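Q: Can you look at this prediction? I've put the sequence above it.
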Amino acid sequence: MIPQISSQEFRELAELLDIGLWKYNLVERRLEWDTSIYKRYEVDPTAFPSPGDFWRMCLTQESLARAEREMARVYAGALEYEATYEIRLPSGQIRHVLARATVIRDDKNRPSHMYGLNLDVTEHTRIEQENAKVVAQMQEAQAIARVGSWTFDLATQELAWSNELHKIYEISEEEPKTKLYQLYRSRVHPEDQARLDECVRRATETGEGYVLDYRLTLGDGRIKHVQGIGRVTFDENGKPARLGGTCRDRTQEAELQQLLDLERAKSVQRARMSSLGELSAGIAHEINNPLAVIDGSVELLLRRSGDARNVEERAETIRGASQRIAKIVRGLKSFSRPHDETVFASHALTAILQDALVLVEPKAKGRNTRILTDVKSDPRLYCDRLQVQQVLINLISNSIDAVQDRAEKWVKVAISDESGATVVRVIDSGPGISAEVRGKLFTPFFSTKRIDEGSGLGLTISKGILDAHGATIGLNTSFNYTCFEVRFRGGAASHGV
Amino acid sequence: MAFKVLYLDDEPVLCELFAELFSSAEVEVNVYTDARKAIDAARTSPPDIAVLDYRLEEMNGDRVAQLMPARIPKYLVTGDILVSPEYPFRGIFSKPGHLREIENLIEEGLKRKSAAPGTESSPNLQTTPGLGSPA
């Protein structure tokens, strides 16, 4: 036998489920409430036997308008009624209510009344509002940080994008979701597509996440630099189920970095020019002396042109002098480059040292300083030849300056291999470096020289160059003399090509 | 008596050329590549003029001039772009091109010598630094 629910039982059940029951007479336009609903509205049934007006008072304007629209639908023939209201109870409490009703028709098929029930959805609405707030916050945060996010369900192939991602890619949110993938593909820079595809493919197949910097090309030819981070979520069987990621617009940062790189290259170039300027007096001397030899020889040739032996001897002298000039000019050429770019290749360190010495020896000679070399090995370095030469010139030139007040004036350059590392030491007979100065050695604009003698950038730029080569520079205090030590990492990274 | 010229340069070829160009029956040229030897020579047998290179191995021409007797007229030659010696040289000549200037100096010295035979060749008056030949 099918159990029958009595109206008393039904009312108890409604109360248990927190449901309010009501009836609306569509012909008389009269609302009737069950006791369960009076309770909900915090009033006594005897106070409002006909609760229509009271109900209207409780509803906000907006809710009332919604209810009336829905009622109009019913009068127009709809079979169901559904509306949500925001109501203010006599106690001041605000509740959210979902009202649903079925339209009952009379024997002439005219809508006669509705049976309805109210559900308290205050908690549900609160959660929805909270969610909306969280989503709004997330969107705001994404907009501020210029980070968009996306998810891709591997099973359903459904792709979802955050608003900010649409903005970064400059793809309208109005675009149909099915077109999203094609549009996204068309935005990725052609040169970066293969790399991005490979990351996504690996993520899908192996579950490996990725971080990738790539570019977007936008409609008007603009380029955006972005960083994509992808992550895989797995199903209970450990198989990749969902791909999710972020995309950050790093255009400003990339442009700043480009500027910074350019400025750095320029400052290296400027430092090279300034060290050339400093060495130029000595270099001019190195050219003028052989020129004087040529000059004197020509004079003698002209005066004693009849003497064949004289001609031969003088010609030989002139050739020797020309070669000396050519050597120093080659040295200058070895230290010049038309552009600021960095050119890495494999070079013999001793060859770089020789080039450096050609330019720095005239200065040493002019200051009565000896330059000694102690080459124990001839390693090849994968480096920018000119920049390493610049570092050597800077260190040797500093050393020459440092020994000027000493009775003994010498600078020694030693090259050796030490447990796989290539070590260059520039040692001099100077008084050493005080602890106070030691801490500031690599600080920009710090100099112990007079303002017109040193820019205070030499060691800073040398350190910058060596950093870019994965090499280190420091003071080795285990020597009795001042010793700057440069260490190039050994192994394939620095020796191989 | 010959006109005596002392030339000091650490470049042997330049010393050799100097001697060949200027040595004659009337001009006695003594060249040195070593500063100490040049100073000794100037002290024991003072020349009529001393021509000193600036860049030398042990000390520079400026210092050499200070160590030579004051009454010898001294001239500085240099391949450097800028030198500012402390010593009041009679003249500073740049290399190259200095040979013609020295030739003029020697010719003037010879003229003076023949105009006043038997007298001291170098004028004893102290001139201001940087001036060329004495009046």
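A: Done, it's in. Numbering: from 1, shown residues only, chains lettered A, B, ... in the order given.

Q: name the element residue A:245 belongs to?
A: Here residue A:245, judged by DSSP states H and E, is contained in strand A:240-249.

Q: I should have written residue A:313 there, sorry.
A: Following DSSP H and E, one finds residue A:313 within helix A:308-334.

Q: Direction included, what does the helix or strand following that helix pair against?
A: Sequence order places strand A:344-348 as the next helix or strand after helix A:308-334, per DSSP H and E. Neighbouring strands of strand A:344-348 in its sheet, by DSSP bridges, are strand A:380-384 (antiparallel).

Q: Could you export the partner strand as CSV, keeping only the C-alpha atoms?
A: Taking Å, rounded to 0.1, in the frame of the first residue of the first chain, the C-alpha atoms of strand A:380-384 are listed here in CSV:
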residue,chain,number,x,y,z
ARG,A,380,91.5,28.3,-24.5
LEU,A,381,88.6,30.3,-23.2
TYR,A,382,85.1,30.5,-24.7
CYS,A,383,84.8,34.3,-24.3
ASP,A,384,84.5,37.7,-25.8
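
Q: after that strand comes which helix or strand?
A: Immediately after strand A:380-384, counting by DSSP H and E, sits helix A:385-402.

Q: So what angle separates the directions of the next helix-or-strand element following that following helix and helix A:385-402?
A: Per DSSP H and E, helix A:385-402 leads on to strand A:410-418 as the next helix or strand towards the C-terminus. Taking axes from the mean of the first three to the mean of the last three C-alpha atoms, to 10 degrees, strand A:410-418 and helix A:385-402 form an angle of 140 degrees between their directions.

Q: For strand A:410-418, name the packing helices and strands.
A: Counting contacts by 3 or more C-beta pairs under 8 Å, 6 or more residues apart in numbering or on different chains; DSSP states H and E, strand A:410-418 is packed against helix A:349-366, strand A:370-375, helix A:385-402, strand A:421-428. For every residue, glycine as well, the C-beta is placed using N, CA and C.

Q: Figure out which of the ones you listed is closest to residue A:28.
A: Among the helices and strands packed on strand A:410-418, helix A:385-402 comes nearest to residue A:28, with 96.6 Å by C-beta to C-beta.

Q: so what does that closest one touch, helix or strand wise?
A: Against helix A:385-402 (3+ C-beta pairs under 8 Å, 6+ apart) you get helix A:251-303, strand A:344-348, helix A:349-366, strand A:410-418, strand A:421-428, helix A:458-468, strand A:482-488.

Q: buried residues in the second one?
A: Within strand A:344-348, the residues that qualify as buried by neighbour count (16 or more other C-beta atoms under 10 Å in any protein chain shown) are residue A:347.

Q: Pull it out as PDB, backbone CA atoms only.
A: Extracted as PDB, the C-alpha positions of strand A:344-348 are listed here (Å, rounded to 0.1, in the frame of the first residue of the first chain):
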ATOM      1  CA  PHE A 344      81.700  34.800 -27.900                       C
ATOM      2  CA  ALA A 345      84.200  32.400 -29.500                       C
ATOM      3  CA  SER A 346      87.100  30.200 -28.400                       C
ATOM      4  CA  HIS A 347      90.400  32.100 -27.900                       C
ATOM      5  CA  ALA A 348      93.900  31.300 -26.600                       C
END
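
Q: who in chain A is up against chain B?
A: A:280-282, A:284-289, A:291-297, A:299-300, A:303, A:317, A:320-321, A:365-366, A:368 (C-beta under 8 Å from any C-beta of the partner chain).

Q: ok, back up a step: summarise which helices and strands the strand holding residue A:245 is packed against.
A: Strand A:240-249 sits against strand A:147-153, helix A:163-169, helix A:190-206, strand A:223-234, with contacts defined as 3+ C-beta pairs under 8 Å, 6+ apart.

Q: repeat that with 6 Å
A: If you count contacts as 3 or more C-beta pairs under 6 Å, 6 or more residues apart in numbering or on different chains; DSSP states H and E, strand A:240-249 packs onto strand A:147-153, helix A:163-169, strand A:223-234.

Q: how far away is residue B:47 from chain A?
A: As judged by C-beta to the nearest C-beta, to the nearest Å, residue B:47 and chain A stand 20 Å apart.

Q: Dump the helices and strands packed on helix A:385-402 to TSV, plus mean pLDDT.
A: Shown next, in TSV, are those (pLDDT from 0 to 100):
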stretch	mean pLDDT
helix A:251-303	84
strand A:344-348	90
helix A:349-366	90
strand A:410-418	93
strand A:421-428	93
helix A:458-468	85
strand A:482-488	92
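
Q: how about residue A:281, what does it touch?
A: Residue A:281 makes contacts with B:80, B:81, as judged by C-beta atoms under 6 Å, 6 or more residues apart in numbering or on different chains.

Q: So which residues of chain B form helices?
A: Per DSSP state H, chain B has helices spanning B:12-22, B:35-44, B:61-67, B:98-115. These are given in chain order.

Q: Next, the angle strand A:223-234 makes with the strand holding residue A:245.
A: Here the directions of strand A:240-249 and strand A:223-234 differ by 160 degrees (the same axes, to 10 degrees).

Q: Quick one: low-confidence residue ranges for chain B.
A: Confidence mapping of chain B against pLDDT under 70 gives the ranges B:116-135.

Q: near chain A, which residues of it show up?
A: Residues of chain B lying near chain A by C-beta under 6 Å from any C-beta of the partner chain: B:11, B:13, B:14, B:17, B:20, B:55, B:79, B:80, B:81, B:95, B:96, B:99.

Q: Now tabulate those in a markdown table and tack on neighbour count.
A: Formatted as a markdown table, the residues of chain B next to chain A follow (neighbours: other C-beta atoms under 10 Å in any protein chain shown):
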| residue | neighbour count |
| --- | --- |
| B:11 | 20 |
| B:13 | 17 |
| B:14 | 27 |
| B:17 | 25 |
| B:20 | 18 |
| B:55 | 24 |
| B:79 | 28 |
| B:80 | 18 |
| B:81 | 13 |
| B:95 | 27 |
| B:96 | 21 |
| B:99 | 22 |
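
Q: which one among the residues you listed gets closest to residue A:101?
A: Nearest to residue A:101 out of the residues of chain B next to chain A is residue B:81 (C-beta to C-beta; 104.7 Å).

Q: just checking, that closest one touches residue A:285?
A: No. Using C-beta atoms under 6 Å, residue B:81 is not in contact with residue A:285, being 7.9 Å away.
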